[in-house]
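Engineer: All I have is the shape, not the residue letters:
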Ligand SMILES: Nc1nc2c(ncn2[C@@H]2O[C@H](COP(=O)(O)OP(=O)(O)OP(=O)(O)O)[C@@H](O)[C@H]2O)c(=O)[nH]1
Ligand SMILES: [Mg+2]
């Protein structure tokens, strides 16, 4: 609970704003994450979940097959087709639609990326730590001595504000810390740091929840977010992750207006060896509907729907998102089963407004926070957890790079450690 402020502190009429303004240019803090488990050695082969043979298309083998080397993009049928759609081959796309297949740069990418070598995993960890080094050093440098006084709390307040933890959460942390110092009679910096770690971990813990990928078949996952947040990249990484969990995947290019957006998703499809339902122009809701229909007909494990980036202030685009959500509900009971918001970890406090707006529009069930390998300020995530503690939205994954393996499960403990170690 956010308290009323540190009443016992020395007088300070407007303690936060001047320091915040002064330090706004200071670089951020944050980061971390560690893989929880080793990936399986080989690509999964899930016979039960493998797509049924496509009578029309002679489509490439399902994504579970190793080393798929052929283009996998397929056309969507019109949403008006009420019966489960059979994915049509590109060459017989309905005439009313413009060429339905994104012309992917089929020759420019390997169809399936090689499995990550241990060295590669180590390298993303070190990239992450490097990216967060300045931020974590802002905090850790405070706890080096035995000085536990008002000056320490003031410096900590500054460091938390610089990290984008926000005024309310910063106050909450400082009050909690003061109480622990008092009650537990802490006498040196290391103890205070551990107390802070406990507080931050406690705030973040409700966000740590694994995604249940078995609760529907297909599991329909709708991806939303502002422009450039990392939606399409996260879908590519998520597809890879889910394949390793043994799921078959179908992607839907719900950003129908930008050719580049379709091509980008098609590239990720190629990398993963998964099929992409796509359609030039037209209604994104129709593409989403068709993808789910195709996924049901083909017994696909997970259907992931990409959407165009949009700002919460763009009312008509938020309406479009609501429509996609609504239409998905008609495509399959309970769909979308996951309504995920992708957040750029560099967003700062605006992250909170984004979550609120997208949640109101499409009832978020989870978050993916990207770009935590760069200069992101992790404090915003702590603020998000604290300010939404009454209805926490889990962070299923964090993005720590642009490669297939750079999606990691969120861990409150590791996140707090990355901040304070
Ligand atoms: N370093 C880093 N870069 C990322 C990460 N995720 C995405 N990016 C990069 O961020 C940029 C935008 O990513 P996209 O996936 O295209 O973002 P988007 O949300 O789909 O964008 P729009 O569809 O245009 O709204 C690309 O250059 C990605 O490579 C990440 O976790 N780390
Ligand atoms: Mg995109």
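Structural biologist: Ah, there it is. In this text the structure is predicted, and so the values were computed from the model without any measurement. Ligands and ions are numbered 1, 2, ... in the order given.
Engineer: Is it correct that residue 287 is in contact with residue 254?
Structural biologist: Yes: the pair residue 287 / residue 254 is scored as a contact, 5.5 Å apart, by CB atoms under 8 Å. All C-beta spots, glycine's among them, are computed from the backbone N, C-alpha and C.
Engineer: Next, show the common contact partners of the two.
Structural biologist: The contact sets of residue 287 and residue 254 overlap at residue 305 (CB atoms under 8 Å, 6 or more residues apart in numbering).
Engineer: and the residue lying closest to residue 144 once chain neighbours are set aside, how many neighbours?
Structural biologist: Nearest residue to residue 144 in three dimensions, chain neighbours excluded: residue 189, at 5.6 Å (CB to CB, 6 or more residues apart in numbering). Counted with other CB atoms under 10 Å, the neighbours of residue 189 add up to 18.
Engineer: Now do the contacts for residue 189.
Structural biologist: Going by CB under 8 Å, 6+ apart, residue 189 touches 142-148, 152.
Engineer: Can you give me the distance of it to residue 301?
Structural biologist: From residue 189 across to residue 301, the span is 49 Å (CB to CB, to the nearest Å).
Engineer: next one: residue 162
Structural biologist: Distance, residue 162 to residue 301, by CB to CB: 43 Å.
Engineer: Show me which of those two is the more surrounded one.
Structural biologist: Neighbours per residue (other CB under 10 Å) separate residue 162 from residue 301, with residue 301 holding more: 29 against 24.
Engineer: list the contacts for the more buried one?
Structural biologist: 46, 49, 213, 217-219, 242, 246-249.
Engineer: List phi and psi for it.
Structural biologist: Per-residue torsions, residue 301: phi -70, psi -50 (degrees, to the nearest 10).
Engineer: List the single closest residue to it in space, sequence neighbours excluded.
Structural biologist: Closest to residue 301 by CB to CB, 6+ apart is residue 247, at 3.5 Å.
Engineer: okay, the one you found: pLDDT?
Structural biologist: On pLDDT, residue 247 comes in at 98.
Engineer: same check, this time on the one 3 residues further on
Structural biologist: You'll see residue 250 listed with a pLDDT of 98.
Engineer: do the same with the one 10 residues further on
Structural biologist: Looking at residue 260, its pLDDT is 96.
Engineer: go on, the one 3 residues further on?
Structural biologist: In this prediction, residue 263 carries a pLDDT score of 96.
Engineer: hang on, isn't the residue nearest to residue 301 packed against residue 299?
Structural biologist: No: here residue 247 does not reach residue 299: they are 11.3 Å apart, not a contact under CB under 8 Å.
Engineer: ok, the residue nearest to residue 144 to residue 350 distance?
Structural biologist: Distance of residue 189 to residue 350, computed by CB to CB: 33 Å.
Engineer: same check, this time on residue 181
Structural biologist: Using CB to CB, we find residue 181 at a distance of 32 Å from residue 350.
Engineer: quick one, what contacts residue 258?
Structural biologist: Neighbour list for residue 258: residue 308 [criterion: CB under 8 Å, 6+ apart].
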